[in-house]
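Need the 3D shape of this:
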Amino acid sequence: MNDSTVGPLKRTARKRVGKTAQKRYILVVDDEETVGVGMTEMLREAGYVADYVTNGDDAVREITRRPYSLVFMDIVMPGMDGLEAFRRIKELKGNVNVVLFTGLFREADKVIFEGIKEGMIDEFIRKPFFFEEILKTAEKYA
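As a prediction, the model looks like this:
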């Protein structure tokens, strides 16, 4: 397949990410399916190997299945929240980068503060986000 047979989004993403991204694994964790599926598809179009799960428990299980270098994780989820899942993932795979995000900022204040206090949050993204923001973050951490 050449550049003339793919859409402009794929051409742009491939130019920005390059071939090295094709072997980089990213996990997306969000209880909101439209967000999770959308992010996963954007990352796949950019050349990453991206998987999606809907909760913290599944994220902790999934992290041992593939050599993920980056996890995009919602903070506010039912059951295990993003910060607790982050802690467990770091116990299992300390070298995995985890980028937290949320659209419910008021509910996440305490969690964000706790994560910053513990030195665990390197990057935080607020919903709604844009393709360029996700891609830039993936380039930086994956």
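
Helices of the chain, start to end?
Secondary structure of the chain, counting by DSSP state H: helices at 8-17, 33-45, 56-62, 82-92, 105-117, 131-141.

angle of the second one against helix 131-141?
The directions of helix 33-45 and helix 131-141 differ by 60 degrees, with axes from the mean of the first three to the mean of the last three C-alpha atoms, to 10 degrees as the criterion.

From the contact counts, what lies against helix 33-45?
helix 8-17, strand 25-29, strand 49-53, helix 131-141 (3 or more C-beta pairs under 8 Å, 6 or more residues apart in numbering; DSSP states H and E). For the C-beta atoms, the positions are set from N, CA and C on the backbone; glycine is no exception.

switch the cut-off to 6 Å
When contacts are defined as 3 or more C-beta pairs under 6 Å, 6 or more residues apart in numbering; DSSP states H and E, helix 33-45 sits against strand 25-29, strand 49-53.

Please report phi then psi for the closest residue to M77 other than its chain neighbours.
Nearest non-adjacent residue to M77, counting by C-beta to C-beta, 6 or more residues apart in numbering: D31, 4.4 Å away. Main-chain torsions, D31, degrees, to the nearest 10: phi -80, psi -10.

Could you report the separation of D31 from D51?
Separation of D31 from D51 (C-beta to C-beta, to the nearest Å) stands at 15 Å.

Same question for L70.
Following C-beta to C-beta, the distance that separates L70 from D51 is 11 Å.

May I have the distance across stretch 75-84, first residue to last?
End-to-end span of stretch 75-84 (C-alpha to C-alpha, to the nearest Å): 9 Å.

so of the helices and strands packed on helix 33-45, which one's packed in deepest?
Across the helices and strands packed on helix 33-45, the average number of neighbours (mean count of other C-beta atoms under 10 Å) peaks for strand 25-29, which reaches a mean of 26.

That one packs against which elements?
Packing partners of strand 25-29 (3+ C-beta pairs under 6 Å, 6+ apart): helix 33-45, strand 49-53, strand 68-74.

Note down every partner strand of it and its orientation.
Here strand 25-29 is paired, per DSSP bridges, with strand 49-53 (parallel), strand 68-74 (parallel).
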